[in-house]
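Asker: show me how the following folds:
(chains A and B)
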Amino acid sequence: MSKLELIDVVKRFGETGDAVIRGLSTRVAEGQMLVLLRPCGCGKTTTLQLVAGLLNPGRGSILIDGKEVAGAGWGLPPERRNLGMVFQSYAVWPHKTVFENVAYGLELRSVSKEELGRRARKALDLVHLGELGARYPSEISGGQQQRVALARAIVVEPSLLLLDEPLSNLDATLREQMRVELKVLQRQLGLASIYVTHDQAEAMVLADHLVVMRNGVIEQQGAAEAIFLRPRSGFIARFLGITNLPKGRIVEIGPGRARLEIDKLGAISAFVADDVRAELAAGATASVSIRPLEVAIADSRPDSSANAFEGRLIERIFLGDLTEYYVQSGEMRWRVHVASSHRFGPGDAVWLSFAPEAATVVLDN
Amino acid sequence: MAGARTAQLRPEHGVWVAAALILAVLVLLPAYHLVVASFTTKSGLSLGNYLQVFKVPRFQEAMLNSLVLGIAASISGTVIGTLLAWLVSRSNMPYRRLIRVCVLASFAVPAFVNALSWVLLAGPNAGSLNILWKALTGSQEGFINIFSMHGLIIVAVATVYPLAFIFMHNAFESMDNEMEHAARLLGASGVRAFFTIALPLARPALIAGFIMTFLESLALYGAPAAIGVPARVYVVTTQVWSLFEYPPQVGMAAALSVPLALLTVALLWVQRMLLRGRSFGTIRGKAGRWQRANLGPWKWVAAGAAGFIVVVTFVLPNAVLVFRSLYNESYGALSWGNFTLAHYKYVLFDYIDGLPSIRHSLVTALAAATLAALLALVAAFLANRRSAGAGRLLAFLCMLPLAIPSMVFAVGLVAAYSGGWIVLYGTLWILMLAYLTKNLPYAFMSCSAALAAVHADLENAARVLGASTLRTLRDITAPLIRNGLLSGWIVVFANSLRDLSASVLLYTSATTVISTAIMDVYYASAWGAVAALSVILLAINAIAITAGYRFLSRNVLSPNS
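Answerer: Next up is the predicted model:
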């Protein structure tokens, strides 16, 4: 049984307002961290607010631990759902000490004084804030406030932990450090969680199950690696990392393999997933996603390999471990990543090539 | 930002509905009765009262005088207030901080006390200045007579100019002065930059200041009663009062009051239209350190002029109050032996209305402030955190009293509560209702601002952890808005203490308050008592305000400080 299940949830704002969430269906398994990734805009926070009970769905239903907690136009209030939530603004109460903040949820559950003290201190230790219990939020840093918010949410042993972009207000190094700590903590506690973010690096580090959303619908969901390697659409391919995205017409298409004709470039042989193939036919337009690391660059035409194209090198950018080449081939400017021992320069005539397995057919959007 | 907009019907909805009903009764009932009364004549509903109001010469004259007073006081007051504000805020005039404190302090003095101290200063017979003049020059007559239209205008200006000062001071303080800088770099002198850059930029505040001082002057009662009436210069407010002399002609009074209310509403609407779309007075730039306009040697002239204004409008009147409260007036010559506490002893112990009126004032002010704070909190919470529709309605009801002058509202209260099933006229309740309703807007604005500063997530966090809405209110919201609530409470309390224009229509011999007691002894020409009671009122006022500020600033923990 899933910890959380969303079935076809729809939420509109206003009378005839545009649906912010249209038909959202997904589930979170026991101990799993689901990451909701989408470009900035509304829809992410709305999803969390629906799960938390701060909003009610227009249609669809929400189940926690198999029990329906919300349906069309109704829902159990937040205080009856036993959830934990970490807000983007941390929402740490300024008039209570760190300890009082963490202990509040236990107070509400009429826990005995010793147990309250024990559990609160344990939660604070888990987030490495053990010695700061007596401080006020105004006396600690943003990163520490965020840990207080986290401790406060987990101390009540909720069914589900909701995290609304908790790291977005931290600086870059702290963000990287915290997301690993978060992942470790979540694993350690075995807490089913929903994490919402617009940062794709964060999403890929944290997700057991990744859900990519756009315009209120799920574009693709699955393991982060699977989505990265085999994106469904051009949007997802670009969103999850750098990619080359030539666009063309499908010449032939079959299980696992398709061939496209790209204007001014030639034919590309690529992998096509079954669900993508279901939406395409010969003659339709589509794009192909090839990651920069998959493209080989040479000074002469490679012998094997179906996909090989001639081009001219425009720019070379040294990135440290990698070197990035911009190559003009056909009407496209290709981005190619190689180990930095390579030595091509602007103006060189080069050949780009990649294996068909490395290229993925994606839907246009 | 999406708030917690759950549409479920919950028990706390009863609280919201109750609040809405209470507000409607508080604000709309007197307004309704006011209008109905204005159309009620001996022969049933008709326009008779209005016809009288516009045809009878003394009413026409009163309306004309009100307009003249309003226009003269607002123009002069705005000019003085603007000039002083610029000098204090943007120039290097010496002693500007002291000037500012004095102007703000004079804002805190009740308007009618101001008028009375002017009578004690410049009344032809009893005025201290004239007494001094006669003693020094041996002449039979004084040199200054406050009882005239000119005198009335001067006192009105002295009363309302601090309001213009506050508007303009705020505007100048928060103005991005880079534009003035640019003008000065191009060669414009400080004064020229003021007239061509700063003033036009501050136009929204200028308009607001002008309209507010005009409305304030129209609504004055104390000065027209103390100064206008003896000079036979009648205005609308004093005429309304005269219509309440036995037997009270509530219908006529209502018909006279309604145009005043309509004018107020119209002007406030005009102001809103003019200021719409602009961030009024807060062109947020780098309003930090800037180079003040260097007045050169003229800065001493400016300080002298500003000092003169402040002395004449604040120092002198209040000094004469204190002096007259301690001076035995039966002695003509000045000497140390003539100082006495007899006046204080009289008003506190011998005057039959002395202590009772102080007690009544404190009780009604306390009740009004507390109830206003509670109501405003509920309304502000609904407006800020719950549904937008009901919230807007409640906000409108809470702010509506701003548009109705105190005296007009009092007429409505009398109309509403003098007969029928609830008779509150003659009790302290009706006084409290007047103070409560009149000051609701200030309490509401305070609570709204305080709530807006508390992020909804702070409450959401508690609810997700398991706290019910009421529990969240108690544990999270209430402590965090405490300062805003308190400052609203203090404003209502202080305003209730100083009200005269409503109290004078609503009090009876059994329910005097400090302000009406002062007017009573004034009409008895007991100058010492007038001064002593006024000083007592000023003292209570000052204690309330400073105690409030001390308390507020001591609370470092609250995010609102």
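
Asker: quick check, residue B:29 in a strand?
Answerer: No - remark: residue B:29 does not belong to a strand; assigned using DSSP: H, G, I helix; E, B strand; the rest coil, it is helix.

Asker: show me the contacts for residue 326.
Answerer: Defaulting to chain A. Applying C-beta atoms under 8 Å, 6 or more residues apart in numbering or on different chains to residue A:326 gives the contacts A:313-317, A:333-336. (Each C-beta comes from the backbone N, C-alpha and C, glycine too.)

Asker: switch to chain B, that's the one I care about
Answerer: Neighbouring residues of residue B:326 by C-beta under 8 Å, 6+ apart: B:339-341, B:343.

Asker: list buried residues within those.
Answerer: When neighbours are counted using 16 or more other C-beta atoms under 10 Å in any protein chain shown, the contacts of residue B:326 contain these buried positions: residue B:343.

Asker: for the contacts of residue B:326, which one is nearest residue B:201?
Answerer: Using C-beta to C-beta, the shortest approach to residue B:201 within these belongs to residue B:343, at 50.0 Å.

Asker: for the contacts of residue B:326, give me JSON lines that also has pLDDT, distance to chain A and secondary structure.
Answerer: Formatted as JSON lines, the entries for those read as follows, by pLDDT from 0 to 100; distance: C-beta to the nearest C-beta, whole Å; DSSP: H, G, I helix; E, B strand; the rest coil:
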{"residue": "B:339", "pLDDT": "82", "distance to chain A": "51", "secondary structure": "strand"}
{"residue": "B:340", "pLDDT": "83", "distance to chain A": "52", "secondary structure": "coil"}
{"residue": "B:341", "pLDDT": "86", "distance to chain A": "47", "secondary structure": "coil"}
{"residue": "B:343", "pLDDT": "88", "distance to chain A": "48", "secondary structure": "helix"}
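
Asker: ok, back up a step: any of the contacts of residue A:326 buried? List them.
Answerer: By the neighbour-count criterion of 16+ other C-beta under 10 Å, those include these buried positions: A:313, A:316, A:334-336.

Asker: what does the stretch 51-200 of chain A have sitting close to chain B?
Answerer: Taking C-beta under 8 Å from any C-beta of the partner chain as the criterion, the neighbours of chain B within the stretch 51-200 of chain A are A:52-56, A:73-75, A:77-79, A:81-85, A:87-89, A:91, A:93-95, A:104-105, A:108-109, A:136, A:138, A:149, A:152-153, A:156, A:162.

Asker: my read: residue B:463 touches residue A:76, true?
Answerer: No - counting by C-beta atoms under 8 Å, residue A:76 is not a contact partner of residue B:463; they are 11.7 Å apart.

Asker: and the contacts of the longest strand along chain A?
Answerer: In chain A, ranked by residue count with DSSP state E as the criterion, the top strand is strand A:307-318. By C-beta under 8 Å, 6+ apart, the list of residues contacting strand A:307-318 from outside reads A:265-266, A:268-270, A:301-302, A:323-330, A:333-334, A:340, A:344-356, A:359.

Asker: how about a cut-off of 7 Å?
Answerer: The list of residues contacting strand A:307-318 from outside it, by C-beta atoms under 7 Å, 6 or more residues apart in numbering or on different chains, reads A:265-266, A:268-269, A:301-302, A:323-330, A:333-334, A:340, A:344-354, A:356, A:359.

Asker: cool, stretch A:157-177 as well?
Answerer: Residues from elsewhere that reach stretch A:157-177 (C-beta under 7 Å, 6+ apart): A:3-4, A:45, A:48, A:51-52, A:64-65, A:82-88, A:142-143, A:146, A:153-154, A:178-179, A:191-197, A:202.
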